[in-house]
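# using only what follows, build the 3D model:
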Amino acid sequence: MIGSERHDIERKVITILRILNESTEPLGARVIAHRMHDYGIDLGERAVRYHLKIMDERGLTRLLGRDGRLITDSGVEELKSALVGDKVGFVIGNIELLAVKTTFDWRKRRGQVPVNVSLFPKDQFKKAKEVMSYVFEGGLCVSDLVAVANEGERLSGVIIPEGTVGFATVCSIIVNGTLLKAGIPMDSRFGGILQIKNREPLRFVELIQYAGSSLDPSEIFITSKMTSVMEVISKGEGKIVANFREIPSLCSSVAEEVFAGLRDAGIGGVLVVGNISQPVCEVPVELNKMGIVLIGGLNPVAAAVEAGISVDNTAMSGVIEYQDLVSFKEL
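Predicted structure coming up:
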């Protein structure tokens, strides 16, 4: 019974940390209590204040007067490490949440766009930009639209630590989100390593199912140095980070309209659209569905890692206003 109660308390603490980590501004107990309902936790404002006080003492949160709380660096580390059992399936949940948060309207060219955030050491960011420029020019990215933030600033909910530069890239979930707004459900199945040959997609050589994972596949593959993005750029052969999705075949014409609209707005990422019920890059597709391969948004960053540059990635970090993004060439 005691163990069960302890687990319940920790689950509430982790949920509060998640809510604070997703916010770009301090939050009060009332707002936190309201947002906890989205996670299936019914906790009153007074109870949230009680937990926050304990979290302040543990150094997980920081009180900013009447404005509310912010998550600390220790809180972020706790969030990354806690409750593995609760985090199984966390990736697919995060994909679905970010798809809902995506409000980008490709016709009006405005709204919230999902992004990944990478942290580079300040003294290595110039070299990183040089390496990544080849990838952006080669089109191995979701978009050449990016955002940069300096130490102490916030970038999609991430506070940039001292001595680092924050770099945001558009996440492939932009496709999920815009299709969702058009009434098309997208099943996110795998993140993987896609082999490229003669500058064409050949097959997936590694796959991680989102529904059974507590870590983002792209982060795993990049950290493990399993990519060869620069070889794809220079030789037309190598391995990149990619994602596998499915949509109902009846929605194909509307989906093509959305893809075209995104391209006009400077957002691509759709690498392959398969035929009905036919395998795509050697991955089986369910009946009456179409397989879609999306380029991973972190491929430019993967190239920097290949060049020996250290980087800390937070895939699917949050959302940024489309109008706050700039072309990589303008950096």
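# and the helices in the stretch 51-200 of the chain?
73-81, 84-87, 90-101, 125-138, 173-181 (DSSP state H, counting those that start in this stretch).
# buried residues in the first one?
It stands for helix 73-81. For helix 73-81, burial by neighbour count (16 or more other C-beta atoms under 10 Å) applies to 75, 76, 78, 79. Bear in mind the C-beta positions are built from the backbone N, C-alpha and C, glycine included.
# show me where the stretch 101-250 of the chain has its strands.
112-121, 145-149, 154-155, 158-159, 164-170, 187-197, 200-209, 238-248 (DSSP state E, counting those that start in this stretch).
# what's the least confident stretch among those?
Among the strands of the stretch 101-250 of the chain, strand 158-159 carries the lowest mean pLDDT, at a mean of 82.
# quick check: closest non-adjacent residue to residue 222.
Nearest-residue entry for residue 222: residue 302, 4.7 Å, with adjacent residues in sequence omitted and distances by C-beta to C-beta, 6 or more residues apart in numbering.
# surely that neighbour meets residue 241?
Yes: counting by C-beta atoms under 8 Å, residue 302 touches residue 241, with 5.9 Å between them.
# got any residues that touch both of the two?
221, 222, 227, 296 (C-beta atoms under 8 Å, 6 or more residues apart in numbering).
# got the contact list for the nearest residue to the last one once chain neighbours are set aside?
Which is residue 296. Leaving aside its sequence neighbours, residue 296 sits nearest to residue 241 (C-beta to C-beta, 6+ apart; 3.2 Å). Residue 241 is in contact with 191-194, 217-218, 221-222, 227, 295-296, 298-299, 302, counting by C-beta under 8 Å, 6+ apart.
# now do residue 164 against residue 241, distance only.
22 Å (C-beta to C-beta, to the nearest Å).
# hmm, residue 326 is touching residue 146, no?
Yes: counting by C-beta under 8 Å, residue 146 is a contact partner of residue 326 at 6.6 Å.
# these two - which one has more neighbours?
Per other C-beta atoms under 10 Å, whichever of residue 326 and residue 146 has more neighbours is residue 146, with 24 against 13.
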